[in-house]
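J.: Give me a 3D structure for the following:
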Amino acid sequence: MNDNSALPDSDLVIRLRNGEEVAFKIIFDRWFKKLYYFSFRYLKSKEEAEEMVQETMLQLWVTREKLDERYPVSSYLYTIVKRLSLNRLKQIASSKSAAEHHFVNLKVTVNTTEDALSLSELKRITAEALALMPEKQQQVYRMSRNEGLSLDEIAFSLGILKNTVKKHLSEALKMIRIHFASRYYLLVVSLVSIINK
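T.: Numbering: from 1, shown residues only. Just a heads-up that it's a prediction; the model follows:
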């Protein structure tokens, strides 16, 4: 079939279980916007909703061998993104006590050493992306994700406008997405090699 985008979800799930990157990309492209709008209804934040969808897709990849093509992949994806979004709301409510809440939701589903290694890789890629950012972007990202501060709190702390904080955070998340995309192939290769050991 030349038009892979027309493949039914059940076929894509079978191919995804076999570690096919193309199947993952098709599912990603097919569901990203729908999941984004679903998450946005909870979080009311473009950046947060995008992050929840990215984490959902990462969980899809990490747990792909457990998927069953008899069940709609949409149900699986919506369940994950809803849980992540609700957990994120809880984290925002008690953000001061969350030291590394950017990865807390992912850790909920980590059941194996292989999954832990892939999480470690994701953290490493995020750290690499942070190192490439201007200092102010790094600072805003860490205050938001590591310290759990709101945009208003960050703006007050740094003595800058809230819109400036939003811009820095948006640019930081964009940089992480770009860096993740550039490193995605390496991540997939490392995951496949771990699983095949």
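J.: For stretch 77-85, give me every contacting residue.
T.: For stretch 77-85, the surrounding residues in contact (Cβ atoms under 8 Å, 6 or more residues apart in numbering) are 31, 35, 38-39, 42-43, 48-49, 52-53, 55-56, 59-60, 105, 108. From N, CA and C alone the C-beta is placed, and that goes for glycine too.
J.: Only the buried subset of those, as a ChimeraX command please.
T.: To isolate the buried members of those in ChimeraX, using 16 or more other Cβ atoms under 10 Å:
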select :31,35,38,39,42,43,48,49,52,53,55,56,59,60,105
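J.: Next, count neighbours for residue 157.
T.: When neighbours are defined as other Cβ atoms under 10 Å, residue 157 has 14 of them.
J.: you'd agree it is up against residue 143?
T.: Yes - counting by Cβ atoms under 8 Å, residue 157 does reach residue 143; the two are 6.9 Å apart.
J.: Identify the contacts common to those two.
T.: Common contacts of residue 157 and residue 143, defined by Cβ under 8 Å, 6+ apart, comprise residue 149.
J.: from the contacts of stretch 77-85, which is closest to residue 133?
T.: Closest approach to residue 133 among those (Cβ to Cβ): residue 48, at 18.7 Å.
J.: In space, what's closest to that closest one - neighbours in sequence excluded?
T.: The shortest distance from residue 48 to any non-neighbouring residue, by Cβ to Cβ, 6 or more residues apart in numbering, is to residue 88 (6.2 Å).
J.: Name the helix or strand for the one you found, please.
T.: For residue 88, the enclosing helix or strand under DSSP states H and E is helix 73-93.
J.: For the chain, which segments are assigned as strands?
T.: Here the chain has no strands by DSSP state E.
J.: okay, and for this structure, where does confidence drop off?
T.: In the predicted model, the chain carries pLDDT under 70 at residues 1-5, 93-122, 179-197.
J.: Domain ranges for it, per the record?
T.: If you go by automatic domain parsing, the domain ranges for the chain are 1-100, 110-197.
J.: Helices of this protein, start to end?
T.: 9-17, 21-43, 46-62, 73-93, 104-107, 113-132, 135-145, 151-158, 162-195 (DSSP state H).
J.: quick one, which of these is packed in tightest?
T.: Among these, helix 46-62 has the highest mean neighbour count (mean count of other Cβ atoms under 10 Å), at a mean of 21.
J.: Give me the angle between that one and helix 21-43.
T.: For helix 46-62 against helix 21-43, the angle by axes from the mean of the first three to the mean of the last three Cα atoms, to 10 degrees is 140 degrees.
J.: Please tell me how far helix 46-62 is from the chain's geometric centre.
T.: Helix 46-62 sits 3 Å away from the centroid of its parent chain (Cα atoms, centre = their mean, to the nearest Å).
J.: Could you name the helices and strands sitting against it?
T.: Secondary-structure packing of helix 46-62 (3 or more Cβ pairs under 8 Å, 6 or more residues apart in numbering; DSSP states H and E): helix 21-43, helix 73-93, helix 104-107, helix 113-132, helix 162-195.
J.: Now it - C-alpha only, CSV.
T.: The C-alpha coordinates for helix 46-62 follow below in CSV (Å, rounded to 0.1, in the frame of the first residue of the first chain):
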residue,chain,number,x,y,z
LYS,A,46,-1.1,25.5,24.7
GLU,A,47,2.4,24.5,26.0
GLU,A,48,1.1,22.2,28.7
ALA,A,49,-1.3,20.5,26.3
GLU,A,50,1.4,19.9,23.7
GLU,A,51,3.7,18.5,26.4
MET,A,52,1.0,16.1,27.6
VAL,A,53,0.5,14.8,24.0
GLN,A,54,4.2,14.4,23.6
GLU,A,55,4.4,12.4,26.8
THR,A,56,1.4,10.3,25.6
MET,A,57,3.1,9.5,22.4
LEU,A,58,6.3,8.5,24.2
GLN,A,59,4.3,6.2,26.4
LEU,A,60,2.7,4.7,23.3
TRP,A,61,6.2,3.9,22.0
VAL,A,62,7.6,2.6,25.2
